[in-house]
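> Quick check, what structure comes out for this input:
(3 chains)
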Amino acid sequence: MAASDETVLRIEDLHTHFELDDGVVHAVDGVDLDIRRGEVLAVVGESGCGKSVMARSVLRLIDRPGRITGGHIWVRTGDGTEGTDGMADMVTADARVVRSVRGKRVGMVFQEPMTSMSPMHTLGNQIGEAIMLHESVTKAEARERTVELLGRVGISAPERRADEYPFQMSGGMLQRAMIAMALACGPELLIADEPTTALDVTTQAQILDLLRSLQQDTGMAVMLITHDLGVAAQMADEVAVMYLGSVVERGPVAEVFREPRHPYTKALLRSVPKLGSRSRERLQPVRGMVPHAYRRPPGCPFHPRCDEFIAGRCDVTVPSPVPGPEPSRVVSCLLYEEVSA
Amino acid sequence: MLMQSEHTSPQADDFDPEAGRASPWRLVWRKFRKHKLAVAGAIVMLFAYFVVAFAEILAPGSPSAVDERHTYAPPQLVQVDLSWDNGVQLYVNGFRTERDPETFEQIHTIDPRQRVPITFFARGDSYHMWGLIPWDRHLIGSADPAQKVYFLGTDRAGRDVFSRIIHGARVSLSIGLIGVAVSFVLGLFFGGISGYYSGVPDTIIQRIIEFLMAIPTLPLWLALSAAVPSDWGPLMRYFAITTILSVIGWTGLARVVRGRFLSLREEDFVVAARLDGCGRGRIIFRHMVPSMSSHVIASLTMAVPGMILAETALSFLGLGLQSPAVSWGVLLQEAQNIRAVETAPWLLIPGVAVLVTVLAMNFVGDGLRDSADPYKQ
Amino acid sequence: MLSYLMRRLLLMVLTLGAVSLASFFIISLPPGDYVSTLQAQAESRGEMLDDSVLVALRARYGLDQPFFTQYLKWISNILLYGDFGQAFAWNSRPVADLIWDRVGLSFFLSLSTLLFVWAIAFPIGILSAVRQYSAGDYLATFFGFLGMAVPEFLLALVLMWVGMRYFGQSPGGLFSPEYQDAAWNLGKVLDLAGHLWLPILIIGLSGTAGLIRITRANLLDELYKPYVVAARAKGLPEWKLLVKYPVRMSLSPFFSTVGWLLPGLISGETIISIVMSLPTTGPLLLSGVENQDMYLVGSFILILSTLTVIGTLISDLVLAWWDPRIRHRYQGG
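Have a look, this model is predicted:
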């Protein structure tokens, strides 16, 4: 593989399937992504496009009946003994390696802070546990660091809060605690899975600010899963647009949003209001809706909803990634394959 | 998981055609069908109630016919004669009867040399079908009405255990249904009040339930059934026992109903109905009751076997139904004495009937409970 | 916490008051009384009791007084002197003399069964949930169904029959004949232990089956909750994770099962002791019920209910100690 030193996560042709009674759902269907050190990547798309499943696959957190059925997820293990270039493939790594990556190399923040913390244990217990798992520290040291972490994520009176239970706190405060927990061992990649969806608007902004400043302080990479294009534009350096389990367009966020290439990206951008746009045009929702999980359209998965659908072509051929126009941009659409062919 | 809105689109034809449209009951049925054990249980249950309906024909004899010459006769297994002399012949072996030289008790042993031919729709004890139609045919029985056969042996008085099990099903299986019906009314009423109004009525009802649940059931049942006058007829006693069982049985159901009401009250569609200005009655009966009926039916199915077991236990102790009424518990009372079991182990066979029925009902109840909420993933 | 405890204790006293009234009401429900039972017995022997004798008997037993007078007399004697009244059918011996030994054994038996049920049901339930759809899970589920469907007394009969038929064991009882009336010593305790396992097994069966199902369902509910995934994302090893988070969570409803498990066990114990003729409350209760020995029966129901109510209270307190959410609710008011 050709990962540079700078790559902290490289996903190659990842497939995660859910084998249900009524059929197989291809939740993630051939995703390619990579994240470099210190980079913020936003993964955007409608609900159900497989963003969260993709994010969870990275740490092998897929519960039955889901299963990673193919591809590679390369992450740094740091010790240089696993895999090539000090990287290990999470898809095939044994449980010990997977555990050493979880929490230590890659931290994760979840959607619903209220249910993502055990109500039976204090914050201090749950955060300190993460530290003690990966580093040889005493209970007292772990606690000291927990309090320090809680202070760093902006929780007031961290000494007292460390002894409280999740149900004694607000959602915003809990999400701060979750972030503290994910950062406990100084990971080089933080996966934030819709970290603000369950919060109210003001709290959302505070959490995003916190994430941004923490990222700048520590220089860690962040994979931000969101369905909110505004959040992506505000936070990210790079953006990957997902539709039905695969990445349809990817590149620097400014370029992709200024000049989208894939019809789906275009449609998504038309559906959000633009600040300062003078035209009083109506917002256009993306036409139609995400097809049923078991009925994946043949050819390009987006063709039934596409404005630029070419009959006899888009519903037959599966598009492959096409680079351009800028060097770091890729789009999976037959419109551009024609041009480059 | 993927669908968010109900807008139609050009793509609508591409969806699972029934996922969004099938009625809740169809969805319940579809989920239920997947539980193999539950379906098997349902078949057994239907068969059991079929037996209840046609007990007179299906039983080879009258449940109360006494045969002094054949007390504690062992079961006579049906055998097939394959010698083709007269086509396929069913028969059982006859008895050889001796007397114990010391106790003068009859001892019956199966004698392989004797053959008693068996036919279908044999002439036997006469009866009134459903108390109306006089008849004397039985589905299976001895070809010679004078020669009695006992497929599952006889008891102390020489009564046919098999016929008694079939007739006993009537009482045992119906007591469960009636008992649960009474519990259902009580449970739905109190549970509904408790769950919908909360506050003071809820507190009072919860205290009553806690109070009833604090008393160990069996001692309470014992004391209550002792209060049933011994000179009451079988029918009165039957209803008295049923009432006793359901007076205690409703608490569990009331809890289920209350729990459902409490959680439904917070559901968006109920809140929406309330905000729309729906009346209380309309909210309860049009919105809440339909969406909890599948749960209630599941709990009811789970409660029937409990009632059957309770009746069996009470009658077994001699405090429930009493002879001449026939129920599985009454039959098992014959086996209360371990000496009797030693002489005639087949007296335990009614227990197998209890076991199979209760098992089947539990399977059905479990399957129903799992499929009660068709929209749950 | 203290105010919660006080409130619970007050509630318990009220419940017990209601139970005592109800049990006294129930035992005085049957038409006639112990004297009419005596009369019937005398008649069946061909004797006739004079009316004046009947009146005298009723006066002696206090049966001629109105319901509430009788109740108040009964309950105040219990509360003030620990006097539960007299057992008519036992030559008017004090009920207290007759029952405490038996109640003690009953309670001991129920408690042993409770511990047995926990010890068996809990690990099996957890394994069954963690290895959902494995052969072991199917086996446990099947056993769960079977255990709930078998009437306990039937199982007792079958096991006793098997024991007698194939092992030549004397059925029933809690003591071998030589220890029957002996004072308590080590030999008697060992003898008791040797006899105890079979009743424990039988009484515990349906409770075990029920609890396996509950534990399994509780744990399955917890097993896929977000907090479990979040804990896994920290890098916890599976077993440590399981024990610390979902198992701990699923134990909360587990503790509250004591409330229904205990009355069930006492019921099971009652019927099993009748079938297996154990020297516990069951046989005495049954004969009391048959003879309309009202003080005996009333005292039994009262004592068994009291033990159940206390057991439930203890389980609630344990639950509060165990679950910070519940503890917090009490502290908050």
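> Pass me the low-pLDDT residue ranges in chain B, would you?
Chain B contains residues with pLDDT under 70 at B:1-22, B:84-87, B:372-377.
> Okay, domains of it per the record?
Annotated domains of chain B cover B:60-159, B:164-371 [automatic domain parsing].
> can you give me how far the first one is from the chain middle?
So the one you mean is domain B:60-159. Distance, stretch centre to chain centre, for domain B:60-159: 27 Å (Cα atoms, centre = their mean, to the nearest Å).
> what do you get for the longest one?
Taking Cα atoms, centre = their mean, one finds the center of domain B:164-371 at 11 Å from the center of the full chain.
> So what would you say the end-to-end distance of that domain is?
End-to-end span of domain B:164-371 (Cα to Cα, to the nearest Å): 36 Å.
> wait, does that domain make contact with chain C?
Yes. Judged by Cβ under 8 Å from any Cβ of the partner chain, domain B:164-371 comes into contact with chain C through B:207, B:210-211, B:213-220, B:222-224, B:226-227, B:229, B:305, B:309, B:312-313, B:316-317, B:319, B:332, B:335-336, B:338, B:341-342, B:345, B:348, B:351, B:354-355, B:358-359, B:362-363, B:366. For glycine as for every other residue, the C-beta is placed from the backbone atoms N, C-alpha and C.
> near chain A, anything from that domain?
No. Domain B:164-371 does not reach chain A (Cβ under 8 Å from any Cβ); its nearest approach is 12.7 Å.
> Any idea what the residue positioned nearest the centre of chain A is bridged to?
For chain A, A:Ile225 is the residue whose C-alpha lies nearest the centre (Cα atoms, centre = their mean; 3.6 Å). Taking DSSP bridges as the rule, A:Ile225 bridges to A:Val43, A:Asp193.
> Next up, the contacts around it.
By Cβ atoms under 8 Å, 6 or more residues apart in numbering or on different chains, A:Ile225 lies in contact with A:Ala42, A:Val43, A:Lys51, A:Ser52, A:Ala55, A:Ile191, A:Ala192, A:Asp193, A:Glu194.
> likewise B:Pro219?
C:Ile266, C:Ser267, C:Thr270, C:Thr281, C:Leu285, C:Phe300, C:Ile301, C:Leu304.
> Name the nearest of the contacts of A:Ile225 relative to chain B.
A:Ser52 (11.0 Å; Cβ to the nearest Cβ).
> contacting residues around that closest one?
Applying Cβ under 8 Å, 6+ apart, the residues contacting A:Ser52 are A:Gln111, A:Asp193, A:Glu194, A:Ile225.
> what's the helix or strand for B:Glu98?
strand B:89-99 (DSSP states H and E).
> what's that strand packed up against?
strand B:79-81, strand B:106-129 (3 or more Cβ pairs under 8 Å, 6 or more residues apart in numbering or on different chains; DSSP states H and E).
> show me the contacts for residue 265.
No chain in the question, so chain A it is. If you count contacts by Cβ under 8 Å, 6+ apart, then A:Thr265 has A:Val241, A:Val248, A:Glu249, A:Val256 around it.
> Chain C is the one I meant
C:Ser110, C:Thr113, C:Leu114, C:Val117, C:Ile203, C:Gly204, C:Gly207.
> returning to what we had before: please identify the deepest-packed of the helices and strands packed on strand B:89-99.
For the helices and strands packed on strand B:89-99, the largest average neighbour count (mean count of other Cβ atoms under 10 Å in any protein chain shown) is found in strand B:106-129, namely a mean of 15.
> Next, the angle strand B:89-99 makes with the next helix or strand after that strand.
Where DSSP H and E defines the elements, the next helix or strand beyond strand B:106-129 is strand B:133-142. Per axes from the mean of the first three to the mean of the last three Cα atoms, to 10 degrees, the angle that strand B:133-142 makes with strand B:89-99 is 80 degrees.
> in the helix or strand that strand B:133-142 is followed by, what's buried?
Later in the chain than strand B:133-142, the nearest helix or strand by DSSP H and E is helix B:161-197. Neighbour counts using 16 or more other Cβ atoms under 10 Å in any protein chain shown place B:161-180, B:182-184, B:186-188, B:190-196 of helix B:161-197 among the buried residues.
> Same question for stretch C:70-88.
C:Gln70, C:Tyr71, C:Trp74, C:Ile75, C:Ile78, C:Asp83, C:Phe84, C:Gly85, C:Gln86, C:Ala87, C:Phe88.
> now the last one: how far from C:Asn291?
It refers to C:Phe88. Taking Cβ to Cβ, to the nearest Å as the criterion, C:Phe88 is separated from C:Asn291 by 7 Å.
> what sits in contact with each of the two?
Shared contacts of C:Phe88 and C:Asn291, counting by Cβ under 8 Å, 6+ apart, come down to C:Tyr34.
> how many neighbours does C:Leu16 have?
Applying other Cβ atoms under 10 Å in any protein chain shown, we find 17 residues neighbouring C:Leu16.
> Could you list the contact residues of chain C toward chain A?
C:224-227, C:229-238, C:244-245, C:248-249, C:323-325, C:328.
> Can you tell me how far the closest residue to chain A within the stretch 201-350 of chain B is from C:Leu223?
Residue of the stretch 201-350 of chain B nearest chain A, by Cβ to the nearest Cβ: B:Glu266 (15.8 Å). Distance, B:Glu266 to C:Leu223, by Cβ to Cβ: 25 Å.
> Which one's more surrounded, the two?
Between B:Glu266 and C:Leu223, counted using other Cβ under 10 Å, C:Leu223 has the larger neighbour count: 18 against 8.
> residues touching the closest residue in space to that one that isn't next to it in sequence, list them.
Distances taken as Cβ to Cβ, 6 or more residues apart in numbering or on different chains place C:Pro246 nearest to C:Leu223, at 5.2 Å, with adjacent residues excluded. Residues in contact with C:Pro246, defined by Cβ under 8 Å, 6+ apart, are C:Leu219, C:Glu222, C:Leu223, C:Lys225, C:Val228.
> at 6 Å what do you get?
Contact partners of C:Pro246, counting by Cβ atoms under 6 Å, 6 or more residues apart in numbering or on different chains, are C:Leu219, C:Glu222, C:Leu223, C:Val228.
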